[in-house]
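Novice: below is the structure, and that's it, no one-letter string:
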């Protein structure tokens, strides 16, 4: 968040970063394949691009809804993207082990695993996941990964081919417009 009150007098407040919504499902092999693109975008733009994780759990993956809730708990504990990357990197293990695996990954990352377990039991993040899923359906998300930037929807579930380059074109244009 940019706070113009902390900027020195006479210095314009920094422009807000463009937002790339990453509609993801943590049990999705295609989302795992998209990790390299997400990492490359983060490396290229740093804090000049806001990556916003959005949840779109698919019914065919029985642990995807719990995984989305776990990702929200990771965000609450300040480690959303490391957690997402760790879970996506081991999709097969999530398939086999389910919720105990989600708690195990939290512990491996130094997060409060007991709090993860409690969050999955008490469902404190269900409304966030439900809201994301409903919004995704309303705006035409049908699969994952899907990216939305500057009102443009890019479907990575069909193919990741050329998507990072297209996102970079859009981000570069948006950033150039801020500098003008």
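Specialist: Good, I have the coordinates. None of the values given here were measured: they were computed from a predicted structure. Residues are numbered from 1 along each chain as shown.

Novice: can you pull the contacts of the closest residue to residue 24 other than its chain neighbours?
Specialist: Counting by Cβ to Cβ, 6 or more residues apart in numbering, residue 31 is the residue found nearest to residue 24 once chain neighbours are left out, at 4.9 Å. Bear in mind the C-beta positions are built from the backbone N, C-alpha and C, glycine included. Residue 31 makes contacts with 24-25, 88, 144-145, as judged by Cβ atoms under 8 Å, 6 or more residues apart in numbering.

Novice: distance of residue 31 relative to residue 37?
Specialist: 11 Å (Cβ to Cβ, to the nearest Å).

Novice: could you look up the SS state of the residue most central in space within the chain?
Specialist: Central residue of the chain (Cα atoms, centre = their mean): residue 53, 2.3 Å from the mean position. Assigned by DSSP: H, G, I helix; E, B strand; the rest coil, the conformation of residue 53 is strand.

Novice: mind checking pLDDT for it?
Specialist: Residue 53 is assigned a predicted lDDT (pLDDT) of 94.

Novice: strands along the protein, start to end?
Specialist: 19-24, 50-55, 146-149, 152-155 (DSSP state E).

Novice: reformat the ones you listed as TSV; add distance to residue 127.
Specialist: Below are those laid out as TSV (distance: least, Cβ to Cβ, whole Å):
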stretch	distance to residue 127
strand 19-24	18
strand 50-55	11
strand 146-149	21
strand 152-155	24
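
Novice: of all those strands, which one is nearest residue 106?
Specialist: Across the strands of the chain, residue 106 has its closest neighbour in strand 50-55 (15.9 Å, Cβ to Cβ).

Novice: quick one: that closest one to chain centroid distance?
Specialist: Computed by Cα atoms, centre = their mean, to the nearest Å, the chain-centroid distance of strand 50-55 equals 4 Å.

Novice: neighbours of the closest residue to residue 45 other than its chain neighbours, how many?
Specialist: Leaving out its chain neighbours, the residue that sits closest to residue 45 by Cβ to Cβ, 6+ apart is residue 171, at 6.3 Å. When neighbours are defined as other Cβ atoms under 10 Å, residue 171 has 20 of them.
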